[in-house]
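> Return a 3D structure for these sequence lines:
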Amino acid sequence: MAQNGSSHDLLDAVRSGASGPELREIDLPTRFRAAFTRKDEVGIFEGRTDKDVRRSLHVGEVEMPELAPDECVVAVMAAAINFNTVWSAIFEPVPTFAFLERFGRQGWHGARHDLPYHVLGSDGAGVVVRTGSGVKSWNVGDKVVLSPSYVDEEDHGSYDDGMMSESQLAWGFETNFGSLGEFCIVKANQLIHKPAHLTWEEAGSTTLCAATAYRMLVGTHGARMKQGDVVLVWGATGGLGSFATQLVKNGGGIPVGVVSSDEKAEIVRAQGCEHVINRNDLDLGEQGLRHPKAGRILGEAIRRLAGEDPGIVFEYLGRETFGASVYVARRGGKIVTCGSSTGYRHEYDNRFLWMRLKSIIGSHGFNYHEAVETNRLIGLGMIHPTLSTVFPLDEAGEATRAVQTNQHVGKVAVLCGAASEGQGVDDPALRERIGETKLTLYRRSL
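Numbers count the residues shown, from 1 in each chain. Next up is the predicted model:
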C-alpha cells in the first residue's frame, strides 16, 4: 500500500488545498515524521523522582503501515497532548508496549501495531488522504477531527454502547499510529467532520476532553445533568474541567468551578461561570484537601456561592479530592469520575455515601455518537476550544512536559503538518459571529 514518495509532497498538497482526486494522484510516502517512545527505553526512569518525558519522547521517521480495509490515512495538521501521552512517556502505570503486544496477537491487523516504537497521540485534526477498500462514508480530501475511541465492530457490546465493548481501545495509547505525526492511521468510525470555523490547532485539541466531559455530564451513561443542577467542577481550567464548565452552563446547569489561582478564576468567570472557588483560599493548611474537615469547609463555600449542595460532582483528580467530593454531594447526588490524576487509591467516609443515598458513577472515554454530538455543539459555536499553547512537532517532548508538570491551562496543541498557526478556517463568517474573544480566551490568558 505504501508507495515511494516524500511526505512533503503530499503534505504540501494538503496545505495548498488540493482536491481529493489531486491528493489520490500523489504517492503516499513510505516514511514520515512522528513523535514516539522506544521499547528499548522502558525502565529508564527506575529510581528517578523526576521522570522527565523529554528523555523518552523522540521525534523522527517511522514506517507507513499497510492499511486495513476499514481504515483511513489522515494527514495530521495538528494534534494535542493529553495525560495519556504523559503516562505513555513515563511507561506507567504499565508500559504501553504491553498493550501493543497484546493487540499484536489478534491477527494481521493487530500485528502491525506491535513494533519497537509507539507513535503516540489521541487527539487530532487533518485531511483524509487514503481510504481502505471497505470505507463507505468518507472520501479523500475530507477535513476531519479524530475520535480516540477504537472499537471492534464485530464485538456485540459495541452495538449497545461502544465503551461497553470488551475490545474497546484508546487509540494512540493502546494502539500504535497515533496523532502525533505527519500522518496517522484511524478506523473510519473514528472520523468526524471538522468544525468549519476552527483552526487546525483548535479543532485538533477538543475531542478527547470535550467528549469525555459530555459523556460524564450529559450523555445517557453519565450523570444526566438537567436544568438547574449545581455541578462542582474540579480543575475548572484544566483540559477536562474547561469543557465541563461550558457544558454545564450551556445545558442550563449552575457550575461551581474550583481552581488554584486568582488568574485561573478570572478565566473561568470569562467562560460564564459565576461561582468560582480558589482552593488556596479555603484555609486547609499543609494537608490541603486531605484535611479531615476539607469536605465541610468546601461545602460551606459552595453553599455560600450557589445556595445549596451540588447535585453532581465532576471528578477526575482522584486521591487528593475524592473524599471531599463524596462529602459535598447533596443527598441523592452523583459523583461522576473518569480518572485519578493525583492517585488511584481513594479514601472516603462511606457513611456519607450510603446514609445519604449518593452514587458514584464510573465513566471512561465516550462512544462514537457522543463524540459526534459533542463536535456538533462545537460546530454550532455553543462550546469553544480551550487551547492555550501550541508547539511544533519537533518540540512534542516540551509540549508533553508542560502537561506533565501542569504548567498550562486548557489544552496544549502540536502542529504536525500545518505550516503555521491560524490555518484551516473554512467559515470565517461563523468565526466572526462567534467572536475571537470566546474562541481564543485561553490563548489570551497567558
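
> how would you label the residue nearest to Gly239 when sequence neighbours are not counted: helix, strand or coil?
In space, and not counting its chain neighbours, Gly239 is closest to Cys209: 4.2 Å by CB to CB, 6 or more residues apart in numbering. (C-beta placed from N, C-alpha, C; glycine too.) Here Cys209 is recorded as helix under DSSP: H, G, I helix; E, B strand; the rest coil.

> tell me, how many neighbours does Cys209 end up with?
Number of residues near Cys209 (other CB atoms under 10 Å) recorded here: 26.

> separation between it and Val403?
11 Å (CB to CB, to the nearest Å).

> now Phe32
24 Å.

> more crowded one of those two?
Phe32 (26 against 22).

> Shouldn't the more buried one be within a strand?
Yes. Phe32 forms part of a strand when assessed by three-state DSSP.

> so what's it up against?
Residues near Phe32 by CB atoms under 8 Å, 6 or more residues apart in numbering: 7, 61-62, 64, 181-183.

> What is the nearest of those to Phe36?
When the contacts of Phe32 are compared for distance to Phe36 (CB to CB), Val62 wins out at 6.3 Å.

> Quickly list what the closest one is bridged to.
Beta-bridge pairing for Val62 (DSSP bridges): Phe32.

> and the gap between the closest residue to Val412 other than its chain neighbours and Ser260?
Computed as CB to CB, 6+ apart, the closest residue to Val412 that is not its neighbour in sequence is Ile81, at 4.6 Å. When distance is defined by CB to CB, Ile81 is 20 Å away from Ser260.

> For those two, indicate the residue with more neighbours.
Neighbour totals were compared for Ile81 and Ser260, and Ile81 leads with 32 against 15 (other CB under 10 Å).

> Output the lengthiest strand in the chain as PDB, nothing but the C-alphas.
In the chain, taking DSSP state E as the definition, the longest strand is strand 71-81. Extracted C-alpha coordinates of strand 71-81, given in PDB (Å, rounded to 0.1, in the frame of the first residue of the first chain):
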ATOM      1  CA  GLU A  71      -9.100   2.300   7.900                       C
ATOM      2  CA  CYS A  72      -8.000   5.600   6.500                       C
ATOM      3  CA  VAL A  73      -4.700   7.500   6.400                       C
ATOM      4  CA  VAL A  74      -5.100  11.100   7.600                       C
ATOM      5  CA  ALA A  75      -2.600  13.800   7.100                       C
ATOM      6  CA  VAL A  76      -2.500  15.300  10.600                       C
ATOM      7  CA  MET A  77      -2.400  19.100  10.600                       C
ATOM      8  CA  ALA A  78      -2.500  19.400  14.300                       C
ATOM      9  CA  ALA A  79      -2.700  17.200  17.400                       C
ATOM     10  CA  ALA A  80      -3.000  17.700  21.200                       C
ATOM     11  CA  ILE A  81      -1.300  16.400  24.300                       C
END
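
> Val248: helix or strand, and which one exactly?
Taking DSSP states H and E as the criterion, Val248 maps to helix 239-250.

> hmm, who's touching that helix?
Counting by CB under 8 Å, 6+ apart, 82-83, 206, 208-210, 212-214, 216-218, 225, 229, 231, 233-236, 254-255, 257, 268, 271-273, 314, 316, 338-339, 377, 382-384, 386, 409-411, 442 sit against helix 239-250.

> any idea how far the nearest residue to Ser137 once chain neighbours are set aside lies from Pro69?
The shortest distance from Ser137 to any non-neighbouring residue, by CB to CB, 6+ apart, is to Ala188 (6.9 Å). Look at Ala188 and Pro69: by CB to CB, they are 9 Å apart.

> what sits in contact with each of those two?
Contacts common to Ala188 and Pro69, judged by CB under 8 Å, 6+ apart, are 132, 134-135.

> Nearest to Ala324, out of those: which one, please.
Of all these, Ala324 sits closest to Val135, with 47.4 Å by CB to CB.

> For that closest one, which non-adjacent residue is spatially closest?
Ala188 (4.6 Å).

> residues touching the one you found, list them.
70-72, 131-132, 134-138.

> From those, list just the buried residues.
Buried members of the contacts of Ala188, counted by 16 or more other CB atoms under 10 Å: 70-72, 131-132, 135, 138.

> and the angle for the helix holding Val248 with strand 71-81?
Helix 239-250 and strand 71-81 are oriented at 90 degrees to each other (axes from the mean of the first three to the mean of the last three CA atoms, to 10 degrees).

> Following the chain past helix 239-250, name the next helix or strand.
Defined by DSSP H and E, the subsequent element after helix 239-250 is strand 254-259.

> just checking, what packs against that following strand?
strand 230-233, helix 239-250, helix 262-270, strand 275-278, helix 294-306 (3 or more CB pairs under 8 Å, 6 or more residues apart in numbering; DSSP states H and E).

> can you give me how far the first one is from the chain middle?
Using CA atoms, centre = their mean, to the nearest Å, we find the averaged C-alpha position of strand 230-233 to lie 20 Å away from the chain's own average C-alpha position.

> got it, and the second one?
Centroid separation for helix 239-250 versus its chain: 13 Å, with CA atoms, centre = their mean.

> how far away is Arg15 from Gly417?
Look at Arg15 and Gly417: by CB to CB, they are 7 Å apart.

> For His193, grab phi and psi.
When read as degrees, to the nearest 10, the backbone of His193 gives phi -60, psi 130.

> Which residues does it form beta bridges with?
Bridge pairing for His193 - DSSP bridges - gives Val144.

> That one is in contact with Asn139, isn't it?
No. Using CB atoms under 8 Å as the test, His193 is too far from Asn139 to be in contact (11.7 Å).

> Neighbours of Val59, how many?
17.

> Which of the three states applies to it?
Classification of Val59 by three-state DSSP places it in strand.

> again, but for Phe314
Under three-state DSSP, Phe314 comes out as strand.

> Next, the contact list for it, please.
So Phe314 contacts 213, 216-217, 231-234, 240-241, 244, 248, 336 (CB under 8 Å, 6+ apart).

> Counting neighbours, what do you get for Arg54?
If you count neighbours by other CB under 10 Å, Arg54 ends up with 15.

> next one: Gly181
Here the count is done by other CB under 10 Å, and Gly181 has 30 residues near it.
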